[in-house]
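A.B. asks: Let me see the structure of the following:
(one chain, ligands or ions: 2)
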Amino acid sequence: MTVSSRTQVGIVGAGPAGLLLSHLLALRGIESIVVENRSRAYCEARQRAGLLEAGTVELLRTVGMGERMDAEGLEHGGIYLQFEGERHHLDFRDLTGGRWVTIYAQTEIVKDLIRARLAAGATIEFEVSDTEVGDLDTERPVLRFTDAGGTRHEVACDAIAGCDGFHGICRDSMPPGLIQVAERGYPYSWLGILASVPPSSDELIYCRHEDGFALHTMRTPQVSRLYLQVPADEDIEDWSDDRIWAELKHRLEVPGWELKDGSISEKAISPMRSFVASPMRYRRLFLAGDAAHIVPPTGAKGLNLALADVTVLAKALTSLLKEGLAGPADAYSDTSLSRVWRATHFSWWMTSMLHVDPHADQFGAQLQLSQLRYVISSRAAATTLAENYTGYFPLTFQA
Ligand code: RFL
Ligand code: PHB
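C.D. replies: Ligands and ions are numbered 1, 2, ... in the order given. Sure thing, here's the model as predicted:
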């Protein structure tokens, strides 16, 4: 038996994009349902991003999601860039006229959003299976799924948002031939760890070392997060905790500074990829976040882009569904893609400048070092990094 119902917006995926979209629509009086194939506990524990642009922070505050972020988030006014054994500071506030970034984990944003949506009486169906979107040539697309108890549902929607990440089903449900993909693979991966040890630095350290990139970041005053460049096909089983700490200490070493180690609670290897699918819309099916684009994590842009997409999409859907105005929905893909391509360039640039390409020769290595020396010695070059890192174009949102 299939249970039929209707809603205004069907949202596939309870990641940051889907959850924030549901919240923003509710603020404007638009009803939605969110379907998610994982459990609530899994969504709340999945270790991913940690760094928010100033505009993302301001957006979350404006829409009533800032309370815990303001209490627990760590505001940073810059980063360290390390290469040739020396560490240099970039002061974002000075370079950009006061902009900053905040460390507040994606897991916490997801927890805050799930709690707020459920408290407001919203429907989030966790642990669904066989999600499908259909009738995409009509003004009444349908969302089909089987709920955790085994009942099949068919929801008639005014619009569907594919917020189902890179491996979701919505992008592939678009008509064949519509989507153009532009992509780059990178010949290395990131090994990331979460460790129960206070951060050894007040701000993030991005380090180019001749044996590979390393990043020191953090989650809280008690928890550090660190990443190492490893070969693309590396097996996590080959990296004991001792080997990870030894390699991090070796790459991040500078005279007079010590990396504190501690017990590792999580470790995983993630591939690096740039991927942009366009257009991000077919009629009343809209893609947002990782469902449409992926950036390598070096620029810390993925989560920020996902939240920026749904901010634009919430406005577009409000115009479409409340005022019958199609203009903003028609412009959604182009509007989002212009921000996406800026972040795609920045992430590719940061990645290429800081990682050791196993195929590069002396010429490539010298170009990287020259670029790094330029960034730390020229105010114009440093400002380029700072204004992209803190968010370009700065996100704005009117509640
Ligand atoms: P998500 O988070 O992947 O959520 C998609 C959700 O859709 C569900 N889903 C389905 N649900 C129902 N039916 C189906 N058929 C479904 N298929 C999938 C999935 O279970 C999931 O819950 O996408 P979203 O919302 O677009 O959010 C994107 C961000 O998660 C991502 O861009 C960032 O995590 C990227 N990223 C970073 N971004 C930053 O802005 N700053 C950072 O510091 C940062 N660091 C990172 C990162 C990503 C990393 N990894 C692991 C890729 C560090 C790492 C290591
Ligand atoms: C993180 O805190 O996980 C993080 C921060 C900055 C990055 C990537 C990841 O560039």
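
A.B. asks: Contacts only, for whichever residue of the stretch 51-200 of the chain sits closest to ligand 1.
C.D. replies: Across the stretch 51-200 of the chain, the shortest distance to ligand 1 (C-beta to the nearest ligand atom) belongs to Gly165, at 2.8 Å. Yep, even glycine has a C-beta here, placed from its N, CA and C like the rest. Gly165 makes contact with 13, 15, 289-291 under the criterion C-beta atoms under 8 Å, 6 or more residues apart in numbering.

A.B. asks: Most neighbours among the residues you listed, please name it.
C.D. replies: Greatest neighbour count in these, by other C-beta atoms under 10 Å, goes to Gly289: 32 neighbours.

A.B. asks: Please name the residues that touch it.
C.D. replies: Gly289 neighbours (C-beta under 8 Å, 6+ apart): 13, 15-18, 163, 165, 302, 305-307, 309-310.

A.B. asks: Export those residues to TSV and append columns for pLDDT and secondary structure.
C.D. replies: Below are the contacts of Gly289 laid out as TSV (pLDDT from 0 to 100; DSSP: H, G, I helix; E, B strand; the rest coil):
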residue	pLDDT	secondary structure
Gly13	98	coil
Gly15	98	coil
Pro16	98	helix
Ala17	98	helix
Gly18	98	helix
Cys163	99	coil
Gly165	98	coil
Gly302	98	helix
Leu305	98	helix
Ala306	98	helix
Leu307	98	helix
Asp309	98	helix
Val310	98	helix
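
A.B. asks: Quickly name whichever of those is closest to ligand 2.
C.D. replies: Gly302 (8.8 Å).

A.B. asks: residues contacting the closest residue to that closest one other than its chain neighbours?
C.D. replies: Ranked by C-beta to C-beta, 6 or more residues apart in numbering and with sequence neighbours excluded, the top spatial neighbour of Gly302 is Val295, at 5.5 Å. The neighbourhood of Val295, defined by C-beta under 8 Å, 6+ apart, consists of 274, 301-302, 305, 343-344, 347-348.

A.B. asks: repeat that with 10 Å
C.D. replies: 272-276, 301-302, 304-305, 340, 343-348, 350-351 (C-beta atoms under 10 Å, 6 or more residues apart in numbering).

A.B. asks: rewinding a little: out of the contacts of Gly289, which is nearest to Lys111?
C.D. replies: Nearest to Lys111 among the contacts of Gly289, counting by C-beta to C-beta, is Pro16 at 10.9 Å.

A.B. asks: what's the distance between that closest one and Thr2?
C.D. replies: Noted for Pro16: a distance of 30 Å to Thr2, by C-beta to C-beta, to the nearest Å.

A.B. asks: neighbour-wise, which of those two wins?
C.D. replies: Pro16 (25 against 9).

A.B. asks: burial count for Leu81?
C.D. replies: 22.

A.B. asks: Just send the contacts of Gly165 back as JSON lines, with distance to ligand 2 too.
C.D. replies: Shown next, in JSON lines, are the contacts of Gly165 (distance: C-beta to the nearest ligand atom, whole Å):
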{"residue": "Gly13", "distance to ligand 2": "20"}
{"residue": "Gly15", "distance to ligand 2": "15"}
{"residue": "Gly289", "distance to ligand 2": "16"}
{"residue": "Asp290", "distance to ligand 2": "15"}
{"residue": "Ala291", "distance to ligand 2": "20"}
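
A.B. asks: What's the separation between the residue nearest to Gly302 and Glu183?
C.D. replies: Counting by C-beta to C-beta, the gap from Val295 to Glu183 is 11 Å.

A.B. asks: Mind listing the shared neighbours of these two?
C.D. replies: Joint contacts of Val295 and Glu183 (C-beta under 10 Å, 6+ apart) are 273-276, 344.

A.B. asks: Selection in PyMOL covering whichever of those are buried, please.
C.D. replies: Those of the shared contacts of Val295 and Glu183 that count as buried under 16 or more other C-beta atoms under 10 Å are selected in PyMOL with:
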select buried, resi 274+275+276+344
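
A.B. asks: Please tabulate the shared contacts of Val295 and Glu183 in CSV and include pLDDT, secondary structure and distance to Leu90 as additional columns.
C.D. replies: Conversion of these to CSV gives the following (pLDDT from 0 to 100; DSSP: H, G, I helix; E, B strand; the rest coil; distance: C-beta to C-beta, whole Å):
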residue, pLDDT, secondary structure, distance to Leu90
Arg273, 97, strand, 26
Ser274, 98, strand, 23
Phe275, 98, strand, 28
Val276, 98, strand, 27
Thr344, 98, helix, 21
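
A.B. asks: So which of the shared contacts of Val295 and Glu183 is the closest to Gly29?
C.D. replies: Val276 (32.7 Å).

A.B. asks: that's a strand at Gly212, yeah?
C.D. replies: No. Looking at Gly212 with DSSP: H, G, I helix; E, B strand; the rest coil, it is coil, so not inside a strand.
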